[in-house]
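Q: Please work out how this folds:
(chains A, B and C)
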Amino acid sequence: MENELRNAIRELFANQGVGVAIGYGRVGVDGAVGAVFVTSPDDVDQLVWNNECRQNLAVHLTRPEVKALGKIAIVCKPCDARAVVVLANEAQIKREDLVVVGVVCEGIRNVKPDGSTSDKDYPKCETCVQHVPANVDVVIGETSKGEALDAKNAEVATTAGHQAKLAKLRAMSAEERFQYWRDEFSRCVRCYACRQSCPLCYCNRCVADKNRPARIDTSASLKGNFAWNILRAFHLAGRCVGCGACASACPAGIELDLLNLTLANAAKEHFGFVAGTEVGAAPLIGTYDRDDKEEFIR
Amino acid sequence: MAKIGVFTCWCGENIARNVDVQAVSEAISKLPGVACSENYKYMCSEPGQTLIADKIKELGLTGVVVASCSPHMHLKTFRKTVELAGVNPYLVEMANIREQCSWVHNDKPVATAKAIELIGMAVAKVRRNAALEPIKVPVTKRALVIGAGVAGIQAALDLAAGGVEVILVEREPSVGGKMAGLSETFPTLDCSQCILTPRMVEVGQHPNIKLMTYSEVEKVDGYVGNFKVTVRKKARYVDITKCTGCGSCWNACPKKGKIPNSFDYGLGNRGAIYIPFPQAVPARPTIDADNCIRIQNMAKGKELCGICSKQCAAQAINFHDQDELVEFDVGAIVVATGYKLYSIGKEQENPNIKGYGEYGYGKYKDVVDSLQFERIISASGPTGGEPKRPSDGATPKTIVFIQCTGSRDNAKGITYCSKICCMYTAKHTMLFKHKVHDGTAHVFYMDIRSGGKMYDEFVRRAIEQDGAQYHRGRVSKIEKVTVDGQTKYRCYGADTLAGTPCVVDADMVVLACAMVPSTGVKSLAQKLSVGYNEYGFLSESHPKLRPVETNAAGVFVCGACQGPKDIPETVAQASAAAGKALIMLSQPFLTREPEIATVDEKLCAACGACVKACPYKAISIEEIRDRKGNLVKMTSRVNPGLCMGCGTCVAVCPSKSVDLIGFTDDQVYAQIESLLD
Amino acid sequence: MSTETKAPDAFEPKIVAFVCNWCTYLGADLAGTNRLEYPANVRIIRLPCTGRIDFNLIVKAFEIGADAVLVSGCHPGDCHYTAGNFHARRRWKLFRELLDTVGVDLNRVYFSWISAAEGAKFQSLVTEIVEKTKAMGPYQEYKSIVAES
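A: Below you'll find the predicted structure:
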């Protein structure tokens, strides 16, 4: 598959006037996989594809210095490709200036807090509902691995393991849940890695960095950490594609994506909306239906 | 450095009874930024206002808090007070310590403590208020009137008489609307056409009115004073500037008399080239392309028929005519799109509304709705005013009228009263009796609602002089039966006053169907950003005090598009709408409240969430370019002429790059934080 | 004036209400005009429309020690700005789910439609909120994360 990917990218450099290909390569001193920016067909062999390709590379699409490199080709897992759809729907990128190379993904290994990887204990995507990317220009890999989930058959991108975890959390009492997050958020150091790794946190200045007024406490206090994590999750309501980049980037190992999953489930259940599956979809927040549910309103 | 003056009102005893105003003044005087804290018996009185003005001058106050009644009561008053004293009127806040404190809390220490907190919130806010100037918007002195029934005609004539240029758009080939098809009108029984047709001619000829029939509003951009309207002139296939209206074309059409005429609600027929009725304005024909032999065969490359064109000496017929889009700038818009009747037997547009299969409408030809009956008894109708039933042309001797068909029926989905049916049904019984002296009219009704000048007298006349038989009750079923070889419609009703079943064999049945807004009104309302209720009736700004304005500034409503109403009420409302539009158009500039949304264009990421959320389409995505014309970035931008200041954009903006002046995040968070223990 | 004397340590909850200017604020005014008495614990923050009420205001209210929060506006179809309340309703529906997962007590977050004519509804809802919040006691959990910050 790796060769298939490299050949496809070479082809794009040759025939489609691509200026930069964003893909995965071994970039760390220890050979860890991260983003590489290939600007010449001679360097295409740097690209790798394996089950360590965790990051959502779409995060680089909105950066001016990357846009300046010319037409972009980007390697996207199925969940990442959804982020590209949202970015285009929110007019952050011009889809026609972009070639999305979708890779069939059979699951990515997660990283333990100590940096080691394990298939057994940290299965990030083994039960993920989508293996074949939708809304991409080129597909690499065996498309027989499943259905490409687009607007017609959209499912929330997540794994059964995650759903089970969320279900367990929601089965607790409110006090227990609050205590759970209190323990989790007490480890948050407000490094904002969650924000930096998210392709959809592209605001020019995050509201958390604004101080007239300071809408949330900017110090890594419990009060501020609750406010920040609520704010981060809700700003992604109807937008988060469930790639898990935030949780994966969190140095404190907080399972932030459970908050996002809550909202993704709610969007699907109450509004039949799954982010990033429909090209040209109107945003979930910012539109309404006269018959939206209101059983909770007095 | 803030110098806030706080003025606490006693409101006589209204506030002072439950709030210790002296203690309040003292507590407030200790708040940071408060330069003076006064209290007075009646702050809104002249001495009270003078006290505020004097303190402003004496201390050079930078902001004022009046702690008294609701801002809905006196905010305007105090804004004026401080303005006269030289302080910007938007530097005033009110703390509502009457309606929301002294009037609802009888425990004096508790109410006093709450009053102090409420005032503290207002002080926290006013310290962050900005001096604002009202927004001035230029006005285009031209009005668009949508719909040329009696409402649209009246509004257009009034606007034109006021010296304003009017674009009058009507989607049918002629002006006149529903009223042109009516027989005689209650309570005077004057002939509808006799009173309407002179008005129709007048709109056709008025120098200030540009009449656009067979046209529809396609798009509305812009905002109050400055709308850009696109009108679609549908292909008419007849150049009405060349046509003389001689009639040789429609008389020669081989389809003449073969196509149901919608003006007669399908009871009469016309040709493929036709005028809907002889008094039409403009008296120029239209080709119904779907039924024209020539046009239908053109696509197949065949040149058939074309007889009308051969007959036309003026060479006005053009089989290749196309729809045309025309743009206009207008300052005000009057919506007068009227109503139609609820269709009881056929499929409903609104899934919540059900038909009356049990009445056989659409199945039995002699079961007609009230507008069809108007045509049957109208001198200009398909029977020339002779009451003849549609199935066999026989003169009906017994007619059953069923009121509230659809109206006031929760089970069928319409809860409202259509208001005019009681009156026109009484009229129908009279007109019928005047034409068929030995006939009998039976009316099944729920209540008789005949409020109005000479209205109840009219109904009494129908009953007492013209012998209409009124039965209080509903008809549950209509069955077609043969009695002595004659077709009858057996109406199974009830007379709830007598407590007996009431079965009438009728020659004909007339259903007084509910009035519903005309087709397409919701999509028009969306183009105009005007609200509507669950049935599609357009929403006025305030049911009592602003009955012809809408929440879309510069858009006015009149007639049955706003709710069921009769002709006198419609005409009155149309004149009112025209008057309101004239007031607006008589000023060189419109002044609008400055409390609107504003975008920090440097920080906006142009994601478009606010653009989608804005109920007024007041936000657009724009380019920022440098002096050389290079694109710097995209941003959303608020059109101050369109923004109404709801702030929905602020809540959906993730980076809070948009804020609402007058209710900024800075102000609101300060209010909340003032409540910190 | 009430002659009842309150125990000095009786818990008086702090209720912050975010209301729209055109319906609920006027409903509260009507309660006043009709002298409909209710407990004095509620602090109203007037905003033009429920459409303006950002979710973070609710979080902020808890941060300053609110024991319960009320968000209220015009009934569907009655919005002064046509659709602000429809936008708000969708956001609240989603936000409640998030608060639920976070463990914020949903018995302390109220949403309502109160029209300008519903002074009595304002009175009864505020009374109910105050009574229920009194029964639940202070919102100790949220106060404790604030205290530790």
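Q: The closest residue to chain A within the stretch 451-600 of chain B sits in which helix or strand?
A: Across the stretch 451-600 of chain B, no residue is closer to chain A than B:E534, which sits at 8.4 Å (CB to the nearest CB). Every C-beta, even on glycine, is put in place using the N, C-alpha and C of the backbone. Assigned by DSSP states H and E, B:E534 falls within no helix or strand.
Q: Count the residues that sit near it.
A: Around B:E534 there are 14 other residues, counting by other CB atoms under 10 Å in any protein chain shown.
Q: Excluding sequence neighbours, find me the nearest residue to it.
A: Closest residue to B:E534 apart from its sequence neighbours, by CB to CB, 6 or more residues apart in numbering or on different chains: C:G77 at 6.9 Å.
Q: returning to that earlier point: check what pLDDT the residue of the stretch 451-600 of chain B closest to chain A gets.
A: On pLDDT, B:E534 comes in at 83.
Q: Next one: it from C:H75, what distance?
A: The gap separating B:E534 from C:H75 is 12 Å, by CB to CB, to the nearest Å.
Q: same deal with A:G146?
A: 46 Å.
Q: Kindly report the same for C:L36.
A: 19 Å.
Q: So for these two, which sits in the more crowded spot?
A: Neighbours were counted for C:L36 and for C:H75 using other CB under 10 Å; C:L36 has more, 19 against 15.
Q: Let me know the helix or strand that the residue nearest to B:Q279 when sequence neighbours are not counted is in.
A: Nearest non-adjacent residue to B:Q279, counting by CB to CB, 6+ apart: B:T197, 4.9 Å away. Assessed by DSSP H and E, B:T197 sits inside helix B:192-205.
Q: who touches whichever helix or strand comes after that helix?
A: Beyond helix B:192-205 on the C-terminal side, the first helix or strand identified by DSSP H and E is strand B:209-212. Here strand B:209-212 makes contact (CB atoms under 8 Å, 6 or more residues apart in numbering or on different chains) with B:148, B:156-157, B:160, B:165-170, B:175, B:203-204, B:231, B:233, B:281-282, B:326.
Q: let's see it at 6 Å
A: If you take CB atoms under 6 Å, 6 or more residues apart in numbering or on different chains as the criterion, strand B:209-212 is touched by B:A156, B:A160, B:V166, B:I167, B:L168, B:V169, B:V203, B:G204, B:V231.
Q: sorry, back to before: so for the residue nearest to B:Q279, what's the pLDDT?
A: Reported pLDDT for B:T197: 95.
Q: Count the neighbours of it for me.
A: 20.
Q: swap in B:R79?
A: 20.
Q: Quick one: residues contacting the residue nearest the centre of chain C.
A: What sits nearest the mean C-alpha location of chain C, by CA atoms, centre = their mean, is C:L70, with 1.5 Å. C:L70 makes contacts with C:A17, C:Y110, as judged by CB under 6 Å, 6+ apart.
Q: what pLDDT, on average, does the helix or strand harbouring it get?
A: Assigned by DSSP H and E, C:L70 falls within strand C:68-73. For strand C:68-73, mean pLDDT rounds to 97.
Q: can you pull the buried residues of that strand?
A: Applying a neighbour-count criterion of 16 or more other CB atoms under 10 Å in any protein chain shown, one finds C:A68, C:V69, C:L70, C:V71, C:S72, C:G73 buried in strand C:68-73.
Q: pretty sure the last one contacts C:N85?
A: Just to be clear, that refers to C:G73. Yes. Look at C:G73 against C:N85 with CB atoms under 6 Å: they come within range, at 4.8 Å.
Q: shared neighbours of the two, anything?
A: Counting by CB under 6 Å, 6+ apart, the residues touching both C:G73 and C:N85 are C:T50.
Q: near chain B, which residues of the stretch 51-200 of chain A?
A: A:E90, A:A91 (CB under 6 Å from any CB of the partner chain).
Q: touching chain B at all, stretch A:237-246?
A: No. Judged by CB under 6 Å from any CB, stretch A:237-246 stays clear of chain B, getting no closer than 8.9 Å.
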